[in-house]
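1. just to be clear, the model below is a prediction. Sequence and coordinates:
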Amino acid sequence: MKPEDLKYAKTHEWVAVDGDTATIGITDFAVQLLTDIVYLSLPTVGKKFAPGESMGEIESVKAVSDIYAPVRGEIVAVNQSLPDNLALLSDSPFEKAWIAKLRIADPTQLSQLMNRAEYLKHCEKDHH
């Protein structure tokens with residue numbers, strides 16, 4: 001997946017939309033901020049989330065951060081191999097390090113997300 005083709009939440013999740021399914025991960029920017037990641041909890045398949053609701057946690061030597069649902073929907077798959085291979089988050093944040101796939105309940109919520117340029121501007125403004 002190319003970062004330019006994805007949608008982004010202000011909370012540093014990326015979203016790849018394929019029909020009614022959103023593949024969700026965390027951005028390269030978030031991974032750099034967290035530095036040494038030591039733990040990741042995945043959401044449960046079948047669980048439903050509202051936008052902004054915590055789907056799981058990511059822990060680094062610096063901090064524990066929530067992973068938020070960018071849109072309303074139900075988890076249909078999780079990346080079971082990711083918690084045992086956390087290096088993928090920095091090595092391949094937009095391809096192999098997806099966290100969950102969610103069936104989108106309200107596609108209109110996708111319009112609330114940013115494109116790559118808007119997201120990078122948001123990161124610049126928030127962290128300088």
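-> Nice, I can see it.
2. where in this protein is pLDDT low?
-> Along the chain, segments meeting pLDDT under 70 span 126-128.
3. please enumerate the strands of it.
-> Using DSSP state E, the strands of the chain run over 7-8, 13-18, 21-26, 37-40, 48-49, 54-60, 64-68, 73-78, 100-104.
4. how about those, which one is nearest residue 111?
-> Of all these, strand 7-8 sits nearest to residue 111, with 9.2 Å by C-beta to C-beta. For the C-beta atoms, the positions are set from N, CA and C on the backbone; glycine is no exception.
5. who touches the closest one?
-> 14-17, 27, 70, 110, 113-116, 118-119, 122 (C-beta atoms under 8 Å, 6 or more residues apart in numbering).
6. quick one: distance of that strand to the chain centre.
-> Computed by C-alpha atoms, centre = their mean, to the nearest Å, the chain-centroid distance of strand 7-8 equals 9 Å.
7. next, the buried residues of stretch 17-30.
-> Applying a neighbour-count criterion of 16 or more other C-beta atoms under 10 Å, the buried positions in stretch 17-30 are 17, 22, 23, 24, 25, 26, 27, 28, 29, 30.
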